[in-house]
Structures are given as structure tokens and as C-alpha cells.
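**Student:** need a structure here:
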Amino acid sequence: MSDRQDPAALFHVGEDLPPAMPERAAWGTAPKLRQWQQEALEKYLAASPRDFLAVATPGAGKTTFALRVAKILMDSGAVQRLTVVAPTDHLKRQWADNAARVGLAIDPNFKNADGRHGAEYRGVALTYAQVANKPILHRNRTEAAKTLVILDEIHHGGDALSWGDGIREAFEPATRRLALTGTPFRSDTATIPFVEYAEGADGIARSKADYTYGYGPALRDHVVRPVIFMAYSGQMRWKTSTGDVMEAQLGEAASKDITNSAWRTALNPEGEWIPAVLRAADRRLTEVRRNVPDAGGLVIASDHEDARAYAAQLEALTGQRPAVILSDDKGASDRIESFSASDERWMVAVRMVSEGVDVPRLCVGVYATNTSTPLFFAQAVGRFVRSRRRGEVASVFLPSVPHLMLLANEMEVERDHALDRKTGQEVEIEDLAEAPEEDLLAEANRAESASDTLNRQQFQAMESQASFDKVLFDGGEFGLGGAVGSEEELDFLGIPGLLDADQVSELLRARQAEQLKRKPKATAAPPQEVVDHRRLKELRSELSKTVSAWAARTATPHGVIHNRLREISGGPAVAQATQAQLEKRLETLRGWFVGRT
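**Tutor:** A predicted model of the protein is given here:
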């Protein structure tokens with residue numbers, strides 16, 4: 001076949017496979033293209049561009065589309081070599097495995113020190129860090145043969161100055177470049193290499209995709225799963241770096257500092273909020289597994305310490321040890337693959353599983369991290385939306401934080417890379433060690449862990465209590481709230497695991513209507529005396545000190561004591577309790593000291 005043959009001539013509209021290919025037998029295992037992949041492929045072949053940016057929602061099948069392009073270009077002779085650049089070492093292996101299924105052998109174990117890949121391979125899979133470490137090496141490799149470069153999650157080209165410079169220098173001479181992303185770009189002033197920008201009427205330059213396939217269209221096409229967000233609130237109490245004790249209701253309107261402190265308190269493994277949410281998530285997973293027997297769950301933690309603590313709590317809850325995925329664990333990729341192929345219930349990870357990692361059986365998630373950028377949120381939720389069969393539903397448990405609620409309600413919003421503000425600081429990553437080759441997420445994990453260690457020294461979570469807040473789906477909110485374990489919560493935890501998006505909406509509306517019917521009608525409240533705020537403050541302070549004394553005597557967590565007192569005396573958390581309820585709790589607690597039960 002001539003090197004000059006037009007690759008478009010190998011592709012006929014309406015046919016899944018290009019006809020008369022030299023390696024046609026290898027296409028026997030190639031997956032049938034979805035409609036969006038077919039449309040994007042037709043557009044690519046018609047334009048025959050040097051650069052092409054495809055934006056498609058996580059789980060839609062960007063890899064399949066890109067490898068079909070690669071196969072056609074390789075078999076036509078338009079290119080002779082394939083280079084894939086991905087964020088992580090684990091994703092390099094995933095690309096190599098998927099490429100092998102369509103007859104393209106690429107080496108995911110290639111190291112910069114190797115110089116060139118073996119003759120049995122058609123190309124290599126690299127990380128962005130690996131390219132940034134030796135851009136001249138990869139430029140020489142690119143110039144040595146007509147090369148197609150696939151840049152997976154191209155937004156990483158703007159993550160660090162050396163990363164963008166590295167891929168620009170290495171792949172400027174490439175014959176073809178195919179850029180992919182499945183998540184919203186962030187806003188900053190650093191352009192991403194090989195991405196076209198267009199200035200809008202507002203004067204802001206934004207990235208311009210050649211083909212876009214968002215979550216909304218993918219959901220309507222049944223390409224991705226519908227996602228139900230289960231939001232949990234609760235009362236939080238913590239001590240600031242100045243020694244002040246603060247209280248707040250998670251999710252209520254407050255300053256940014258108070259919201260973030262309440263959020264961190266909720267995620268503290270020693271409190272009551274996260275164990276309650278893990279119990280609810282595990283109960284939801286049990287319900288889903290009635291219809292999807294191999295359904296799995298993923299907890300995304302903020303740091304290694306929290307991840308291990310959450311795993312211990314899940315093991316105590318389920319009797320099964322979860323798979324724990326940490327960025328500094330050399331066996332992390334093997335552990336992810338093992339979990340993916342099993343029917344184990346839970347995996348706990350620190351960020352590195354948030355992007356690109358393909359574990360299609362993940363149906364339930366717990367967002368137990370305080371990272372809240374639109375980019376990271378979309379990446380994290382993207383781990384649960386990959387559809388295997390029509391009707392599978394994803395459930396993600398969230399802290400009831402206003403910013404997260406907004407992101408959950410904006411799942412369908414498409415965001416381009418906007419050059420509209422300065423970051424204030426350029427991040428430069430230089431001289432990355434080649435053994436092992438580090439990736440962005442591992443680098444971020446280490447930086448975040450160091451920051452968390454410092455913050456832990458300045459901040460002390462004291463107690464947390466969980467309550468069910470609401471369900472978010474398709475921009476709507478459902479549920480009237482309720483205590484953990486209440487009928488109001490169980491109505492939504494028990495939703496079947498196999499439902500179409502329309503059925504999810506219908507069922508959520510029905511459950512809310514049932515709750516409204518059960519809600520007692522409001523009656524006129526009798527006249528009440530004016531509350532003595534000074535007396536309430538005294539009672540809260542006295543109760544806090546007495547609880548601390550009982551906790552010291554019995555080694556019982558503060559949250560457990562408060563919950564027990566609420567069970568006995570009734571009423572809400574301390575901050576909302578009446579004078580009579582506080583007095584009853586104090587009387588009960590004093591009775592414990594003298595042996596009364």
C-alpha cells in the first residue's frame with residue numbers, strides 16, 4: 001500500500017471497519033463504533049488535519065475513537081509510528097492493552113534510557129512527566145518517522161510550565177497530533193500546546209474543540225450512566241489555630257473559612273460523619289448489587305492517612321478488606337487491575353484513581369476529599385459513569401457543601417480552557433527522576449500530603465454528626481432531609497440499581513411525594529417565652545465541658561456521647577437544642593457520673 005494513499009479512502013460511511021486493510025484480521029476484536037465516535041471519525045477523515053481536539057465526557061469511549069484513527073492512519077501509511085502520552089503510568093498500560101486489541105503493539109514500559117523501542121512495537125506510551133524530562137529525545141524519535149501523537153487528557157499540557165514546553169518541543173515535528181480530553185479545562189493564562197484558541201465577544205480567548213460530545217447528549221444516548229448525588233449534612237465542631245472552638249452546620253450559608261473547616265471536620269476519620277456516610281454508601285452498594293452483582297464502590301480520600309483510616313472502617317463494616325490504592329505504592333496499577341477483574345466491594349484511593357482509570361463496575365462512590373475544582377470533580381465523577389449495559393445507575397455520596405452542590409447540578413455544563421486570569425504563580429517541575437517516572441497526580445498527592453500535615457497541626461476537628469440532606473439528580477433536588485437511618489434516608493438508599501434516566505426522575509419524584517404525605521401538618525405553635533441567650537450559652541459551655549470529662553474517663557468519642565444524649569433527650573444538635581433539651585442532657589450526663597443510667 002502506498003504511503004501516499006488517502007486514509008479517508010479506507011473508510012466508507014456506514015461501515016464499521018475500513019475495507020481491504022493489510023492487518024484486517026486484527027480488527028475482528030475491534031468494538032463497534034458508537035454514533036458519536038463514527039461522527040467524529042468521519043469529521044477527522046474528511047478534514048485530514050494535522051491537529052484535532054476531541055472533547056468527550058468521561059466514559060464515552062475516547063480511547064476507542066482515537067485508536068480507530070490510529071489504525072486507519074497506520075494501515076494507510078499516512079503515519080508509521082504511534083506515540084501515546086497519558087497522565088499516569090497506569091494509563092499507559094491501559095492504552096497498550098486497548099491498542100493490542102485492534103492490532104497495534106505499543107510499549108508502555110519504554111524508558112527514556114532505552115533510546116528506542118523494540119522492533120516488535122509500532123510505538124510507545126509515555127507520561128507527560130517522562131516527555132518533560134527528556135523532550136529532545138522524544139523530538140528525535142518523532143522526527144525519525146512519520147508519527148501520530150495521541151495526547152490523552154491534553155489539559156495536563158497546562159499543568160506545569162515544563163510539561164507544556166516539553167510536549168511542544170518533543171512533538172512539534174509530528175505528522176499528526178490527536179488531542180483528547182473528557183473534563184472541563186481550567187482558567188489560567190498558559191496556553192495548552194497544539195490547542196486552537198478563539199477570542200469571544202467578551203475578549204476572552206477560549207479553547208476551540210473540533211468535536212465535542214458532552215455528558216447531556218451521552219446520557220440521552222445511553223452511553224453513560226445517570227448519576228444520583230446523595231448529599232449529607234450534619235453538625236460540626238472544631239478548634240481553630242488560635243484555640244477558639246467553632247460550631248457550624250455543614251451546608252448552611254457561611255464564610256469560606258467556616259465552610260472549609262466544617263467540611264474538613266466532616267472528613268475526619270475520628271468523627272461520626274464519615275463512618276455514617278460509609279455505612280449509608282455500603283447499604284446503597286448492597287442494594288445495587290441485587291441488580292448488578294459485581295458492582296463496586298470507590299472512596300476518594302484527601303490523603304494517605306485518611307485513606308487507610310477509611311479502609312479500616314469499611315473492613316470493620318463489611319468484614320472484607322478494601323483495595324487501598326496509594327500513589328507511592330509501586331503495586332498500585334496491579335492492585336487496580338486486580339480489583340477491576342474481581343467482585344470485591346470497595347476500593348479506597350487518594351486522587352490517582354480520579355482520572356482516566358477504567359474500572360467499569362464502579363457504581364457507588366464516596367467523595368471524601370476537600371478538593372473542589374470543576375476539573376477534579378468531573379474527573380472523579382467520571383469514574384462512575386461508564387455504562388456497561390442500559391439501566392445501570394451511579395450513586396455518589398457527597399458532603400453537603402454549596403460549591404459541590406453547584407458542581408453536581410452542573411454536570412452537563414461544558415467548559416473550555418479560558419485565558420482570563422493570572423494564576424499568580426507558575427509551577428515548574430524540573431529534573432524529574434526517571435526511575436520511577438512520576439506523574440502529575442502522584443506529585444500532587446505528595447504536595448497535598450505535606451500541606452495536610454501542616455494544616456493538621458493548626459486545626460483540630462473535635463466532633464461531627466451526620467444527617468441525610470437531599471438527593472440531587474439532573475439539576476433537581478429531592479428529599480426532605482432526615483436522621484441517618486431514618487425512613488426519609490432509606491427511601492432513596494433503596495432505589496433499584498437498574499433504571500433509565502427517565503425512570504430515575506420519576507421514582508425520585510414519587511419518593512418525595514410520599515415523604516410529603518407522611519410529613520405531619522404544621523400546627524400553630526403556642527406562645528413561648530423569650531429565649532435567654534446568655535443561659536443557653538452557659539448550658540452549651542457546661543455541656544461541652546461535662547462531655548469532655550466523660551470522654552476522658554471512658555475513652556468514648558465526643559460525637560458518640562452527644563448522639564447518645566440526643567437519643568435520650570430528643571432534639572437536634574447542641575447548637576439548635578432548646579434550653580429544656582440541654583438541661584435534660586446535662587441531668588442525664590451527671591447521672592452517668594454517679595452510676596445512674
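
**Student:** tell me the pLDDT at the residue nearest to the spatial centre of the chain?
**Tutor:** Closest to where the C-alpha atoms of the chain average out (C-alpha atoms, centre = their mean) is A380, at 0.9 Å. What the model reports for A380 is a pLDDT of 88.

**Student:** does it touch V366 like I think?
**Tutor:** No. Taking contacts as C-beta atoms under 8 Å, A380 lies outside contact range of V366: 10.3 Å. For every residue, glycine as well, the C-beta is placed using N, CA and C.

**Student:** okay, and the common contacts of those two?
**Tutor:** Here A380 and V366 share the contacting residues I300, scored by C-beta atoms under 8 Å, 6 or more residues apart in numbering.

**Student:** ok, E344 - contacts?
**Tutor:** 296, 320, 322-323.

**Student:** again, only using 10 Å
**Tutor:** Residues in contact with E344 (C-beta atoms under 10 Å, 6 or more residues apart in numbering) are 294, 296-297, 318, 320-323, 338, 361.

**Student:** now it: how far from V324?
**Tutor:** 12 Å (C-beta to C-beta, to the nearest Å).

**Student:** before we move on, what about R141?
**Tutor:** For R141, the distance to V324 (C-beta to C-beta) stands at 37 Å.

**Student:** secondary structure class of the residue lying closest to L73 once chain neighbours are set aside, three-state.
**Tutor:** Once flanking residues are discounted, L73 sits nearest to V79: 4.6 Å by C-beta to C-beta, 6 or more residues apart in numbering. Secondary structure state of V79, per DSSP: H, G, I helix; E, B strand; the rest coil, is coil.

**Student:** go on, E305?
**Tutor:** At E305 the chain is in helix, as set by three-state DSSP.

**Student:** returning to what we had before: what separation is there between the residue nearest to the centre of the chain and F229?
**Tutor:** Using C-beta to C-beta, A380 is found at 12 Å from F229.

**Student:** try A312
**Tutor:** Distance from A312 to F229, by C-beta to C-beta: 26 Å.

**Student:** more crowded one of the two?
**Tutor:** Neighbours were counted for A312 and for F229 using other C-beta atoms under 10 Å; F229 has more, 24 against 15.

**Student:** list the residues that contact that one.
**Tutor:** By C-beta under 10 Å, 6+ apart, the contact set of F229 is 365, 367, 381, 394-398, 400, 404-405, 407-409, 411, 470-473, 477.

**Student:** and the gap between it and L317?
**Tutor:** 22 Å.

**Student:** pLDDT of stretch 107-120, averaged?
**Tutor:** On average, stretch 107-120 scores 91.

**Student:** how far off centre is it?
**Tutor:** The gap between the average C-alpha position of stretch 107-120 and the chain average comes to 32 Å, counting by C-alpha atoms, centre = their mean, to the nearest Å.

**Student:** now swap in stretch 397-405 and tell me
**Tutor:** 13 Å.

**Student:** only the buried residues of that stretch, if you could.
**Tutor:** 397-401, 404-405 (16 or more other C-beta atoms under 10 Å).

**Student:** list the ones among those that fall in helices.
**Tutor:** Using DSSP state H, 404-405 are the members of those that sit in helices.

**Student:** let me have the buried residues of stretch 397-405 in a markdown table, extended by pLDDT.
**Tutor:** Below are the buried residues of stretch 397-405 laid out as a markdown table (pLDDT from 0 to 100):
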| residue | pLDDT |
| --- | --- |
| F397 | 98 |
| L398 | 96 |
| P399 | 96 |
| S400 | 95 |
| V401 | 93 |
| L404 | 92 |
| M405 | 92 |
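
**Student:** who does the longest strand along the chain pair up with?
**Tutor:** The longest strand of the chain (DSSP state E) is strand 227-239. Take DSSP bridges as the rule and strand 227-239 pairs in its sheet with strand 245-250 (antiparallel), strand 394-399 (parallel), strand 460-464 (antiparallel), strand 467-473 (antiparallel).

**Student:** which strand residues bridge I325?
**Tutor:** Beta-bridge pairing for I325 (DSSP bridges): A349.

**Student:** which residues touch it?
**Tutor:** Listed by C-beta under 10 Å, 6+ apart, the contact set of I325 reads 90, 298, 300-301, 307, 311, 331-333, 335-336, 339, 347-353, 357.

**Student:** try D165
**Tutor:** D165 touches 131-132, 135, 157, 193, 428, counting by C-beta under 10 Å, 6+ apart.

**Student:** and it, its phi and psi?
**Tutor:** With angles defined as degrees, to the nearest 10, D165 sits at phi -60, psi -40.

**Student:** for G479, same thing?
**Tutor:** Torsion angles, degrees, to the nearest 10, at G479: phi 100, psi 150.

**Student:** out of everything not next to it in sequence, what's closest to it?
**Tutor:** Among residues not flanking G479 along the chain, K470 sits closest, at 4.5 Å (C-beta to C-beta, 6+ apart).

**Student:** same thing with L499?
**Tutor:** Counting by C-beta to C-beta, 6+ apart, the residue nearest L499 is V393, at 5.3 Å.

**Student:** may I have the phi/psi pair for the one you found?
**Tutor:** phi -110, psi 140.

**Student:** so who does it touch?
**Tutor:** Counting by C-beta under 10 Å, 6+ apart, V393 touches 225-228, 288, 291-292, 295, 363-364, 384, 473, 495-501, 503-504, 507.

**Student:** one more time with 7 Å, if that's ok
**Tutor:** V393 makes contacts with 225-226, 228, 497-499, 504, as judged by C-beta atoms under 7 Å, 6 or more residues apart in numbering.

**Student:** now V574
**Tutor:** 540, 543, 562.

**Student:** do that again at 6 Å, thanks
**Tutor:** R540 (C-beta atoms under 6 Å, 6 or more residues apart in numbering).

**Student:** before we move on, what about G61?
**Tutor:** 34, 37.

**Student:** quick one: secondary structure of V504?
**Tutor:** Per three-state DSSP, the secondary structure class of V504 is helix.

**Student:** residues near the residue found closest to it once you drop the neighbours it is linked to in the chain, how many?
**Tutor:** Nearest residue to V504 in three dimensions, chain neighbours excluded: P226, at 5.1 Å (C-beta to C-beta, 6+ apart). P226: 23 surrounding residues under other C-beta under 10 Å.

**Student:** same check, this time on V124
**Tutor:** Neighbour count of V124, defined by other C-beta under 10 Å: 26.

**Student:** confirm it sits in a helix?
**Tutor:** No. Applying three-state DSSP, one finds V124 to be strand, outside a helix.

**Student:** from Q94, how far out is it?
**Tutor:** Plainly put, V124 is 14 Å away from Q94 if you go by C-beta to C-beta.

**Student:** how about A394?
**Tutor:** Distance of A394 to Q94, computed by C-beta to C-beta: 20 Å.

**Student:** which one is T588 nearest to, not counting chain neighbours?
**Tutor:** Excluding the flanking residues, the one nearest T588 by C-beta to C-beta, 6+ apart is I568, at 5.3 Å.

**Student:** thought that neighbour was touching L589?
**Tutor:** No. With contact defined as C-beta atoms under 6 Å, I568 does not reach L589; the gap is 9.5 Å.

**Student:** quick check on Q465: phi, psi?
**Tutor:** Dihedral angles (degrees, to the nearest 10) for Q465: phi -130, psi 140.

**Student:** which residues does it contact?
**Tutor:** Counted by C-beta under 6 Å, 6+ apart, Q465 has contacts 234-235, 272, 559, 573.
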